[in-house]
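Trainee: here's a sequence, model it:
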Amino acid sequence: MNDLSPLGREIHRRYDEWGPVVVMEDDNKRYLSFGTLDEQSCIAKKAPLQLQHEYTRSMASVLLMFPLSALPTRITLLGVGGGSLASVFHHLLPSAQLQAVELRRAVLLVAQQYFGLPRSPQLMLHQADALTYLQHATVNSCDLLICDLYLADGLYDAQLHAEFIQLCAQHITSDGWLVLNLWKEHRQHPSLMTLLATHFRTRLHATTRDGNWILWLNKSTSECHHQDIRQRAKHWQIPLQFNPWASAKGFLKHKS
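Mentor: Down below sits the predicted model:
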(Lines give C-alpha, C1' and ligand atoms only; values in the text may rest on other atoms or scores of the structure.)
Protein backbone atom coordinates (compact mmCIF):
# COMPACT_ATOMS: atom_id res chain seq x y z
CA MET A 1 0.00 0.00 0.00
CA ASN A 2 3.00 2.35 0.19
CA ASP A 3 4.07 2.13 -3.44
CA LEU A 4 4.78 5.49 -5.03
CA SER A 5 3.79 6.37 -8.59
CA PRO A 6 3.39 9.61 -10.58
CA LEU A 7 -0.13 9.73 -9.08
CA GLY A 8 1.15 9.46 -5.53
CA ARG A 9 0.86 6.76 -2.88
CA GLU A 10 -1.47 3.82 -3.36
CA ILE A 11 -4.05 3.68 -0.57
CA HIS A 12 -6.53 1.13 -1.91
CA ARG A 13 -6.74 -1.57 -4.56
CA ARG A 14 -9.40 -4.08 -5.46
CA TYR A 15 -10.15 -6.29 -8.44
CA ASP A 16 -13.20 -7.31 -10.42
CA GLU A 17 -13.73 -9.11 -13.72
CA TRP A 18 -12.51 -6.04 -15.66
CA GLY A 19 -9.28 -5.66 -13.71
CA PRO A 20 -7.93 -3.44 -10.93
CA VAL A 21 -9.52 -0.37 -9.37
CA VAL A 22 -6.81 1.67 -7.68
CA VAL A 23 -6.95 4.74 -5.44
CA MET A 24 -3.83 6.89 -5.03
CA GLU A 25 -3.18 10.22 -3.40
CA ASP A 26 -0.55 12.86 -2.81
CA ASP A 27 -0.61 15.75 -0.36
CA ASN A 28 -3.28 17.63 -2.30
CA LYS A 29 -5.25 15.27 -4.52
CA ARG A 30 -6.77 11.81 -4.68
CA TYR A 31 -6.86 9.81 -7.93
CA LEU A 32 -8.80 6.88 -9.35
CA SER A 33 -6.98 4.64 -11.81
CA PHE A 34 -7.82 1.39 -13.55
CA GLY A 35 -4.32 0.05 -13.07
CA THR A 36 -2.54 2.39 -15.49
CA LEU A 37 -0.95 5.81 -15.02
CA ASP A 38 -4.03 7.47 -16.54
CA GLU A 39 -6.34 9.32 -14.16
CA GLN A 40 -9.94 8.16 -14.40
CA SER A 41 -10.95 10.71 -11.75
CA CYS A 42 -9.30 13.25 -9.50
CA ILE A 43 -10.46 15.34 -6.56
CA ALA A 44 -8.75 18.03 -4.51
CA LYS A 45 -8.86 16.81 -0.94
CA LYS A 46 -9.56 20.29 0.47
CA ALA A 47 -12.12 21.19 -2.26
CA PRO A 48 -13.73 17.91 -3.38
CA LEU A 49 -16.50 19.65 -5.36
CA GLN A 50 -14.12 21.70 -7.47
CA LEU A 51 -13.72 19.90 -10.80
CA GLN A 52 -10.03 19.32 -11.47
CA HIS A 53 -9.92 18.38 -15.15
CA GLU A 54 -10.54 20.70 -18.08
CA TYR A 55 -12.76 18.11 -19.75
CA THR A 56 -15.06 17.73 -16.73
CA ARG A 57 -15.33 21.51 -16.48
CA SER A 58 -16.26 21.61 -20.16
CA MET A 59 -18.93 18.98 -19.61
CA ALA A 60 -20.41 20.69 -16.54
CA SER A 61 -20.47 24.05 -18.31
CA VAL A 62 -23.36 22.83 -20.46
CA LEU A 63 -25.43 24.23 -17.58
CA LEU A 64 -24.99 27.61 -19.28
CA MET A 65 -27.27 26.41 -22.08
CA PHE A 66 -30.19 26.17 -19.63
CA PRO A 67 -32.07 29.33 -18.63
CA LEU A 68 -31.89 29.85 -14.88
CA SER A 69 -35.68 29.55 -14.83
CA ALA A 70 -35.59 26.13 -16.54
CA LEU A 71 -32.68 24.19 -15.05
CA PRO A 72 -32.54 20.42 -15.56
CA THR A 73 -34.56 18.41 -13.06
CA ARG A 74 -33.81 14.94 -14.46
CA ILE A 75 -30.19 14.07 -15.22
CA THR A 76 -28.66 10.81 -16.41
CA LEU A 77 -24.92 10.21 -16.14
CA LEU A 78 -23.46 7.30 -18.08
CA GLY A 79 -20.09 6.48 -16.55
CA VAL A 80 -19.43 7.38 -12.92
CA GLY A 81 -15.72 6.85 -12.22
CA GLY A 82 -14.92 8.67 -9.00
CA GLY A 83 -18.26 10.47 -9.24
CA SER A 84 -16.95 14.01 -9.70
CA LEU A 85 -19.70 15.11 -12.09
CA ALA A 86 -22.42 13.26 -10.20
CA SER A 87 -21.35 14.90 -6.94
CA VAL A 88 -21.21 18.38 -8.49
CA PHE A 89 -24.65 18.14 -10.14
CA HIS A 90 -26.13 16.72 -6.95
CA HIS A 91 -24.72 19.69 -5.03
CA LEU A 92 -25.66 22.37 -7.55
CA LEU A 93 -29.17 21.07 -8.33
CA PRO A 94 -30.43 19.58 -5.06
CA SER A 95 -33.99 19.17 -6.33
CA ALA A 96 -32.92 17.31 -9.47
CA GLN A 97 -33.24 13.53 -9.73
CA LEU A 98 -30.00 11.94 -10.93
CA GLN A 99 -29.53 8.50 -12.44
CA ALA A 100 -25.87 7.44 -12.43
CA VAL A 101 -24.95 4.36 -14.47
CA GLU A 102 -21.65 2.54 -14.00
CA LEU A 103 -20.55 -0.80 -15.46
CA ARG A 104 -18.45 -1.82 -12.46
CA ARG A 105 -19.85 -2.25 -8.95
CA ALA A 106 -16.30 -1.99 -7.60
CA VAL A 107 -16.03 1.52 -9.07
CA LEU A 108 -19.30 2.61 -7.42
CA LEU A 109 -18.11 1.32 -4.04
CA VAL A 110 -14.76 3.09 -4.35
CA ALA A 111 -16.48 6.31 -5.46
CA GLN A 112 -18.58 6.31 -2.31
CA GLN A 113 -15.82 5.25 0.06
CA TYR A 114 -12.91 7.34 -1.21
CA PHE A 115 -14.34 10.14 -3.38
CA GLY A 116 -17.41 11.29 -1.47
CA LEU A 117 -20.08 10.17 -3.95
CA PRO A 118 -23.28 11.04 -2.07
CA ARG A 119 -25.64 8.46 -0.66
CA SER A 120 -28.90 10.24 -1.38
CA PRO A 121 -32.45 9.54 -2.59
CA GLN A 122 -31.81 12.17 -5.28
CA LEU A 123 -28.92 10.11 -6.69
CA MET A 124 -29.85 6.64 -7.88
CA LEU A 125 -26.94 4.33 -8.74
CA HIS A 126 -27.27 1.63 -11.39
CA GLN A 127 -24.70 -1.06 -12.10
CA ALA A 128 -25.25 -1.65 -15.81
CA ASP A 129 -23.73 -1.43 -19.24
CA ALA A 130 -24.56 2.00 -20.68
CA LEU A 131 -26.02 0.69 -23.94
CA THR A 132 -28.16 -1.88 -22.11
CA TYR A 133 -29.40 0.81 -19.72
CA LEU A 134 -30.48 3.03 -22.62
CA GLN A 135 -32.19 0.14 -24.37
CA HIS A 136 -34.48 -0.29 -21.35
CA ALA A 137 -34.82 3.37 -20.32
CA THR A 138 -38.00 5.39 -20.64
CA VAL A 139 -38.15 7.62 -23.72
CA ASN A 140 -37.80 11.39 -23.08
CA SER A 141 -36.92 10.72 -19.44
CA CYS A 142 -34.19 13.30 -18.83
CA ASP A 143 -33.29 16.93 -19.51
CA LEU A 144 -29.55 16.34 -19.48
CA LEU A 145 -27.63 13.22 -20.49
CA ILE A 146 -23.89 13.08 -19.75
CA CYS A 147 -21.76 10.38 -21.40
CA ASP A 148 -18.29 9.94 -19.91
CA LEU A 149 -17.56 6.35 -20.87
CA TYR A 150 -14.02 5.03 -20.66
CA LEU A 151 -12.63 1.62 -19.78
CA ALA A 152 -9.09 0.70 -18.76
CA ASP A 153 -8.10 0.28 -22.41
CA GLY A 154 -9.76 3.45 -23.70
CA LEU A 155 -13.06 4.74 -25.04
CA TYR A 156 -16.24 2.69 -24.78
CA ASP A 157 -16.71 2.71 -28.52
CA ALA A 158 -20.38 1.70 -28.63
CA GLN A 159 -21.12 5.42 -28.33
CA LEU A 160 -19.73 5.97 -31.83
CA HIS A 161 -22.43 3.77 -33.36
CA ALA A 162 -25.88 4.55 -34.68
CA GLU A 163 -27.88 2.61 -32.09
CA PHE A 164 -26.24 4.36 -29.15
CA ILE A 165 -26.69 7.85 -30.61
CA GLN A 166 -30.32 7.14 -31.50
CA LEU A 167 -31.04 5.88 -27.99
CA CYS A 168 -29.40 8.97 -26.49
CA ALA A 169 -31.62 11.18 -28.64
CA GLN A 170 -34.68 9.24 -27.52
CA HIS A 171 -33.66 9.46 -23.86
CA ILE A 172 -33.63 13.25 -23.66
CA THR A 173 -36.57 15.63 -23.91
CA SER A 174 -37.16 17.76 -26.99
CA ASP A 175 -35.19 20.66 -25.47
CA GLY A 176 -32.73 18.54 -23.48
CA TRP A 177 -28.97 18.35 -23.99
CA LEU A 178 -26.63 15.44 -24.62
CA VAL A 179 -22.95 15.78 -23.67
CA LEU A 180 -20.36 13.39 -25.14
CA ASN A 181 -16.74 13.06 -24.04
CA LEU A 182 -14.64 11.68 -26.91
CA TRP A 183 -11.01 11.91 -28.01
CA LYS A 184 -9.81 14.61 -30.41
CA GLU A 185 -9.09 11.91 -32.99
CA HIS A 186 -12.84 11.38 -33.33
CA ARG A 187 -13.18 14.80 -34.98
CA GLN A 188 -12.09 12.99 -38.15
CA HIS A 189 -14.39 10.01 -37.66
CA PRO A 190 -15.75 9.33 -41.17
CA SER A 191 -19.44 9.19 -40.28
CA LEU A 192 -19.88 10.47 -36.74
CA MET A 193 -20.86 14.08 -37.48
CA THR A 194 -23.25 12.92 -40.19
CA LEU A 195 -24.80 10.51 -37.69
CA LEU A 196 -25.12 13.21 -35.04
CA ALA A 197 -26.71 15.59 -37.56
CA THR A 198 -29.44 13.02 -38.14
CA HIS A 199 -30.68 13.47 -34.56
CA PHE A 200 -29.38 16.84 -33.36
CA ARG A 201 -29.90 20.22 -35.00
CA THR A 202 -27.56 22.02 -32.61
CA ARG A 203 -24.04 20.58 -32.40
CA LEU A 204 -21.51 22.54 -30.37
CA HIS A 205 -18.04 21.17 -29.69
CA ALA A 206 -14.64 22.08 -28.30
CA THR A 207 -11.30 20.35 -27.80
CA THR A 208 -9.49 20.54 -24.49
CA ARG A 209 -5.74 20.96 -24.13
CA ASP A 210 -5.39 17.40 -22.90
CA GLY A 211 -7.00 15.96 -26.01
CA ASN A 212 -10.66 15.43 -25.14
CA TRP A 213 -13.30 16.41 -27.70
CA ILE A 214 -16.49 17.47 -25.90
CA LEU A 215 -19.81 17.82 -27.72
CA TRP A 216 -23.00 19.56 -26.57
CA LEU A 217 -25.97 18.35 -28.61
CA ASN A 218 -29.59 19.48 -28.74
CA LYS A 219 -32.46 18.22 -30.89
CA SER A 220 -33.83 21.69 -31.61
CA THR A 221 -32.24 24.72 -33.24
CA SER A 222 -30.99 26.25 -30.03
CA GLU A 223 -30.26 29.96 -29.86
CA CYS A 224 -26.85 30.63 -28.37
CA HIS A 225 -26.79 34.32 -27.44
CA HIS A 226 -23.38 35.14 -26.01
CA GLN A 227 -24.73 37.81 -23.69
CA ASP A 228 -27.24 35.43 -22.08
CA ILE A 229 -24.61 32.75 -21.64
CA ARG A 230 -22.13 35.19 -20.12
CA GLN A 231 -24.76 36.29 -17.61
CA ARG A 232 -25.45 32.68 -16.67
CA ALA A 233 -21.71 32.13 -16.31
CA LYS A 234 -21.57 34.88 -13.70
CA HIS A 235 -24.34 33.16 -11.78
CA TRP A 236 -22.57 29.78 -11.80
CA GLN A 237 -18.96 30.89 -11.27
CA ILE A 238 -18.98 30.84 -7.48
CA PRO A 239 -21.01 27.61 -7.07
CA LEU A 240 -18.87 25.81 -9.66
CA GLN A 241 -15.59 27.16 -8.20
CA PHE A 242 -14.24 27.90 -11.70
CA ASN A 243 -15.07 30.29 -14.52
CA PRO A 244 -17.54 28.43 -16.77
CA TRP A 245 -17.37 31.14 -19.44
CA ALA A 246 -13.75 30.16 -20.07
CA SER A 247 -14.98 26.63 -20.82
CA ALA A 248 -18.13 27.57 -22.73
CA LYS A 249 -16.79 30.17 -25.15
CA GLY A 250 -14.90 27.57 -27.17
CA PHE A 251 -18.15 25.74 -27.90
CA LEU A 252 -19.75 28.88 -29.26
CA LYS A 253 -16.98 29.16 -31.86
CA HIS A 254 -17.51 25.64 -33.19
CA LYS A 255 -21.03 24.96 -34.36
CA SER A 256 -21.60 22.34 -37.05
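Trainee: name the next helix or strand downstream of the host helix or strand of Ser87, please.
Mentor: Assigned by DSSP states H and E, Ser87 belongs to helix 84-92. Downstream of helix 84-92, the first helix or strand assigned by DSSP H and E is strand 97-102.
Trainee: residues of the following helix or strand past that next one that come out buried?
Mentor: With elements assigned by DSSP H and E, the helix or strand that comes after strand 97-102 is helix 105-114. Buried residues in helix 105-114, counting neighbours by 16 or more other C-beta atoms under 10 Å, are found at Ala106, Val107, Leu108, Leu109, Val110, Ala111, Gln112, Tyr114. Where you see a C-beta, it was placed from the backbone N, CA and C, and this is true even at glycine.
Trainee: before we move on, what about stretch 231-246?
Mentor: Buried residues in stretch 231-246 (16+ other C-beta under 10 Å): Arg232, Ala233, Trp236, Leu240, Phe242, Pro244, Trp245.
Trainee: quick check, nearest of the residues you listed to Arg119?
Mentor: Of all the buried residues of stretch 231-246, Arg119 sits closest to Leu240, with 22.9 Å by C-beta to C-beta.
Trainee: which SS class is the closest residue in space to His199 that isn't next to it in sequence?
Mentor: Setting aside the residues directly before and after it, His199 is nearest to Ala169 in space (C-beta to C-beta, 6 or more residues apart in numbering), at 3.9 Å. Secondary structure, DSSP: H, G, I helix; E, B strand; the rest coil: Ala169 is helix.
Trainee: next, count neighbours for Ala169.
Mentor: If you count neighbours by other C-beta atoms under 10 Å, Ala169 ends up with 19.
Trainee: now do His225
Mentor: His225: 9 neighbours (other C-beta under 10 Å).
Trainee: also the one 3 residues further on?
Mentor: Counted with other C-beta under 10 Å, the neighbours of Asp228 add up to 14.
Trainee: tell me how far whichever strand or helix holds it lies from the chain's centre.
Mentor: Element membership of Asp228, judged by DSSP H and E, is helix 226-240. Offset of helix 226-240 from its chain centre (C-alpha atoms, centre = their mean, to the nearest Å): 19 Å.
Trainee: compute the inter-axis angle for the following helix or strand past that helix and helix 226-240.
Mentor: For helix 226-240, the following helix or strand on the C-terminal side (DSSP H and E) is helix 244-253. Interaxial angle, helix 244-253 versus helix 226-240 (axes from the mean of the first three to the mean of the last three C-alpha atoms, to 10 degrees): 140 degrees.
Trainee: hmm, who's touching the helix holding Asp228?
Mentor: Helix 226-240 is touched from outside by 51, 57, 60-61, 63-68, 88, 91-92, 243-245, 248-249, 252, with contacts defined as C-beta atoms under 8 Å, 6 or more residues apart in numbering.
Trainee: mind doing that once more with 10 Å?
Mentor: 49-51, 57, 60-61, 63-68, 88, 91-93, 225, 242-249, 251-252 (C-beta atoms under 10 Å, 6 or more residues apart in numbering).
Trainee: please apply the same query to stretch 216-224.
Mentor: With C-beta under 10 Å, 6+ apart as the criterion, stretch 216-224 contacts 58-59, 61-62, 64-65, 145, 165, 168-170, 172-180, 196-197, 199-206, 248, 251-252, 255.
Trainee: repeat that for stretch 128-136.
Mentor: So stretch 128-136 is in contact with 76-79, 99, 101-103, 126-127, 137, 145, 147-149, 156, 158-159, 161, 163-164, 166-168, 170-171, going by C-beta under 10 Å, 6+ apart.
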